[in-house]
Structures are given as structure tokens and as C-alpha cells.
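J.: After the sequence you'll find the predicted model.
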Amino acid sequence: MNKQLFAFVEETIGNYESGSISLVEGLNFNMFDTLKTIEFYSNSRYRDGQRNARNQEKPFYNIVNANVDVAITATDIDTKDIVIVGDNADQYVKAMILTRSIYEWMKEINYAQSLNRQGEIRARYGGILVKKVEQENDLFIDVPEWKNLIVDPVDIEGGVVIERHFMSAADLSKKSDSWDNINEALKLVNTSSYNKGDIQSTPVGFIQVLEVSGELPETIIDEDGDEFTYVRQQHFIATDGKNMVSMFGELQDENPYKFLPWKEVSGRALGQGIVEEGFQSQIWTNDAVIAEQEAMQLSGKVILKTDDDALANNIFEVDNGHVFTLQKGKDVSSMNLLPSALPQFQNLITKWQTQFDRTTAVTDSLRGETPPSGQAFRSTALVTQQASSQFDYRREEMGILQKQIFTDWVIPFLISKRLSKASVLTAQLSSKELDLVDESIRTRETNQIQLERVLAGDSLLDVEGVETLNTEIDQELAKRDSVRTVGIPKDYFKDFEFQVTVRTTGEQGNKAARLESLSNILQTAAANPAVLQDPVLSEVFGEILELSGLGGFRASQGSSAEGQSTPAPVKEETSLNLPQPEAQA
């Protein structure tokens, strides 16, 4: 029993849920309350209940979710945008193999789904906390839900993180070999329909397990330690909201969390997300909708007025077609209950929607709505491009986070756990990669056959024989489509210096604009072939490519005597990407 740890956890949770930080005098921020409001609004629910004083259902006119969806799409990053490059130009093969290894890993753990989840949580809640989870030869990038987290509102990544897990009794019992006090923890299983937890209650039949990670006093993990010395630790505690059982504790080598806000706010760690930016718009939009509903209910009532005392008091007591006999000089008529301000409610709703759209940089064109009749296509495209540029900065920030994840976690894991020994990689390659690998395969096969002929006492193949052999090899490789099996020697990446590149330009997501640029460039090159041959024109053409965002394309800088482009020589390192034949005595 670790009373010091339990006291720290209880105090941390209490401060997080009920405490607040002062951004400036008179402006306080409670992260727990903010996230709770976001959760309610995202689910179209009022925090004070769904019914009014007359026990009528209150309408919730949700305006935040649509803008969140636009922000997610506008800042999306795909797995194909993550590329590894070598620090040296002659390390292309190593970079290519490592990139393909990463793609295989991403497919294995479905990292594309994780990227989508990261983008959604960051835009909706104002930030994202990603977690490294390593299990033997497997690496996962987890994205915890904010409702299951207790963090430091001032320093989320650097502070202590408490994460709620919900484990069944069967799953917890399987931890007996590595965790302590399991039998005592199993007594805390929830058997009722409710258990303590303001945001997330423990499901029936489950046990709430708190994972505590961060720099804590040394005395928590070592009774003989120094209470003023802080060391990084990880603990797992079972709790039912009142009682706690310590099951595991150890020192940590590194921080398993990385954090990225959406829009930074001074004085607090959690950024301001799309939903929080729409708090005021959502409140007053709902207020206008409720007022409009009440006005419509009132205007829908049929009320009559008369000065004839002989008429019935309730019009519903009269059958259809009934003829009234009025006293002389008496009259009956309906009352107009339609409020004169009813049309203004819709104007008020539109004003708040417009204000919210401007705050979040969301336009009708980004939503995919049809432009007004008569508006030129170029004008619409310009508006869309300008609106999209507002999200470029957010996308670049996400790209930086991915660089950190792959540089600090993924690549070291793959090199140390999967690529440190001689192995084989089977992957689908691009056309450029196929040319490089197939050239290496042709060289290897040709050298193998030539070696076998020499050892057998035969003469070497002449040039024509080598060409025939290469043709046969190419025909065999063509049957494999774009899939190749590449051998990776032991310690191949030992001294490899790499960089992670994440393409975050908006052009990648606009296929129509990219195709238009490619078409224009192709037409220019076809109409003026000299731009590909003349050094001066070729340099100007290269500048055009750079400015268009297509700088990866390059005109050939030389030609052979027959006018054919001279292929780039295969670098010596290329031969390392396949196992070499062993020399025979």
C-alpha cells in the first residue's frame, strides 16, 4: 500500500476537476469543465438538461460539428505523405527500404486510422495527446480520449498524466504474472449501475485502473529515496472511486506522451479547438431557436374572441360546419398571435453562424456547397484556395508532430527491433523504386551466372549474351507486377543518418489543381521541346516547376548520341539491398 502515491493521485484528480487557473485577472480556465462542455455540445446536449421549466424537450441546433468536419478534412495528412530521406545523396536505397518498412508497419497497425483520429480529436477538443505503447516486437501509437485523462492544465506533456483504463475481471486476472495484489484489486469490480467518475463512469463488471506517468518524488517508488528528488515513474492503480490498490510501479526511461494544441492560448496548455471557439455562437443560436419554437407554438394556436355571451367557451367543442346564431350587434373573430419579430429569429441564427464561420475560417466553398448562380468558377476557386490557406499552418504543425513521432519512436523501434538482423522485406514499389531495384537484381543475377560459368570452366557471356539474359530477367520480373522481395543485410542501418519529411502542402489535397498544373506544363513542354534541351530555358522551366509546387519533376539534363536520355548510373550502394552470392572455392 503506497499512501503517498494514493494521496498524490486523489489531490491531482480533485484539483483537475474542481480547480482552475487564472489566465489574467478575472479570466479563469477550468480544463475539466471546458472538455465536459465540448463533450455535451458535440453530442447536441445541454449541460442543464434537455427539458425546460414546462417539461418540454428543448431543441438543440448544432452548428459546431459541421465546422469540425471541415477542419478535419482541411488539415488531413495521409500515410503516403510520410517519407524518409537520407542526409547523404548516396543513401537513397537505405531511405527507400526504410520508407517501405515504415509503410508496412503503418499498414500492420492501421496507422491511417490513427492519423484520422488524431486530426479529429485535435480539431474538436483543442489538442491531441499521443502515446507510445511498445509490447515486445510491436509498437502502437495510442490516442487516449480526453474524458479518460487527468493532466496538468499548464503543462500537459511535461506534467504528470493520469489515464483511466477500464479492465474486465478476466483481463485483470491475466496480469497476475507481472502485477501484484491482483486478488485485492478484483474485489473492486463494479457490480452496480454507477460508479464514481464525473466524465466517465465505470461500466458494470469492470474495474477502473489508473495509469500514472510522470516525474514524481523518488520516495513514492523507493522508501529510502530522497523526497526532494523527482524521477520519471509509471504506476498502475485499481480503484472504485474510494479505495485504491497499487498493482505495479517502475522507473521510466522516457516520456511516452507527445502533445500538440490546435490554436495556442497564453497561460494554458490545451489549445482552443473548433467547438470551444463556437461556445458563444452555439449558446445564442440555441437561444434564438428556442425563442423561435415558442413563438411558433404560440402562433399556431387558434383563439377566438367574441362579445356574445351565448357562444361556447371552447371552439373544439363545436362540430365542423356548425352555424352560429349571433345576437344582434354581436360579433366573433380570430385573434392574430403571430409575433412581428418571428422573421428576425432566422436572421439572428444566420448572424451567429456567420460569426462562427469567420472565427473558424470555414466558408461555403470548403463545405462543398453550390456557389451562387452567376459566380465565376475562377472566383470560387480563389475563395476556396484562400480559405484553405487558413488551415495550412495547422497542417504544418501536425506534420511536425508526425516528424517527432517517427524520428523519436517509430524509426528507432524498427531499426533496433526489426531491421537490426538480416531480414527480407516484401513490398509494393513505385516505378522509380522498381527501376532501381530491378537494375540491382539484373546486376546480381548476371554476376551470379558469370561466376558459375567461370567456375565451370566456360567463357564469359559476351555483350549480346548479357543483353539476352537481361531481357529474360526483365520478363520474369514483369510477372511480379510492382511487388519485390528485398534482402536486408545485418546492421545495414547501423550508421544511417536520416530525416523524416511530411508533405503538408495544400496542393497535395487538391487533385484538380494539380492535374491542371501538370496539363499546362505538359502542353508547354510539347509546344516548346527546346525547354528540355537548352540549358538556359531548362533552368527557367525548372523555376516554373518550383513555383507551381511541382518541383519534384525535372527535365533531363543530357542526352546520348542517339538522342536518348542518359540513365543515371546505379550507385555502388545499390548492390547492398540484396544478399550477395557467396564466393565458391
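T.: Sure thing, it's come through.

J.: Next, count neighbours for Ser201.
T.: Close neighbours of Ser201, defined as other Cβ atoms under 10 Å, add up to 17. Bear in mind the C-beta positions are built from the backbone N, C-alpha and C, glycine included.

J.: how close does it get to Ile303?
T.: To Ile303, Ser201 is 48 Å away according to Cβ to Cβ, to the nearest Å.

J.: Next: Glu317.
T.: Distance of Glu317 to Ile303, given as Cβ to Cβ: 14 Å.

J.: Then Phe413?
T.: According to Cβ to Cβ, Phe413 and Ile303 sit 75 Å apart.

J.: who's more crowded, the two?
T.: Higher neighbour count among Phe413 and Ile303: Phe413, with 18 against 10, using other Cβ under 10 Å.

J.: Contact partners for that one?
T.: Listed by Cβ atoms under 8 Å, 6 or more residues apart in numbering, the contact set of Phe413 reads 134, 139.

J.: where's it, which helix or strand?
T.: Applying DSSP states H and E as the criterion places Phe413 in helix 411-413.

J.: Under the pLDDT cut-off, which ranges of the stretch 151-300 of the chain? List them.
T.: Residue ranges of the stretch 151-300 of the chain with pLDDT under 70: 193-200, 300.

J.: Now do the strands for it: every range, in order, please.
T.: Ranges of strands within the stretch 151-300 of the chain are 161-168, 206-217, 230-239, 244-251, 257-261, based on DSSP state E, counting those that start in this stretch.

J.: got CSV for those strands, with mean neighbour count too?
T.: As requested, those are exported to CSV (neighbours: other Cβ atoms under 10 Å):
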stretch, mean neighbour count
strand 161-168, 19
strand 206-217, 20
strand 230-239, 20
strand 244-251, 18
strand 257-261, 20
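
J.: Relative to Thr285, which of those is closest?
T.: strand 257-261 (25.9 Å; Cβ to Cβ).

J.: what helices or strands is the closest one leaning on?
T.: strand 127-135, helix 392-405 (3 or more Cβ pairs under 8 Å, 6 or more residues apart in numbering; DSSP states H and E).

J.: got the ones you listed as a markdown table, with mean neighbour count and mean pLDDT columns?
T.: Shown next, in a markdown table, are the helices and strands packed on strand 257-261 (neighbours: other Cβ atoms under 10 Å; pLDDT from 0 to 100):
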| stretch | mean neighbour count | mean pLDDT |
| --- | --- | --- |
| strand 127-135 | 18 | 94 |
| helix 392-405 | 18 | 92 |
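
J.: of those, which approaches Val265 most closely?
T.: strand 127-135 (10.1 Å).

J.: Who does the closest one pair with, and is each partner parallel or antiparallel?
T.: If you go by DSSP bridges, strand 127-135 pairs up with strand 138-142 (antiparallel), strand 257-261 (antiparallel).

J.: so can I have JSON lines of the ones you listed showing distance to Ile13?
T.: Shown next, in JSON lines, are these (distance: least, Cβ to Cβ, whole Å):
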{"stretch": "strand 138-142", "distance to Ile13": "21"}
{"stretch": "strand 257-261", "distance to Ile13": "18"}
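
J.: Throw the strands of the stretch 151-300 of the chain into CSV and include distance to Arg54, thanks.
T.: Formatted as CSV, the strands of the stretch 151-300 of the chain follow (distance: least, Cβ to Cβ, whole Å):
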stretch, distance to Arg54
strand 161-168, 38
strand 206-217, 39
strand 230-239, 41
strand 244-251, 45
strand 257-261, 42
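
J.: Of all the ones you listed, which one comes closest to Phe8?
T.: In terms of Cβ to Cβ, the element of these nearest to Phe8 is strand 206-217, at 7.0 Å.
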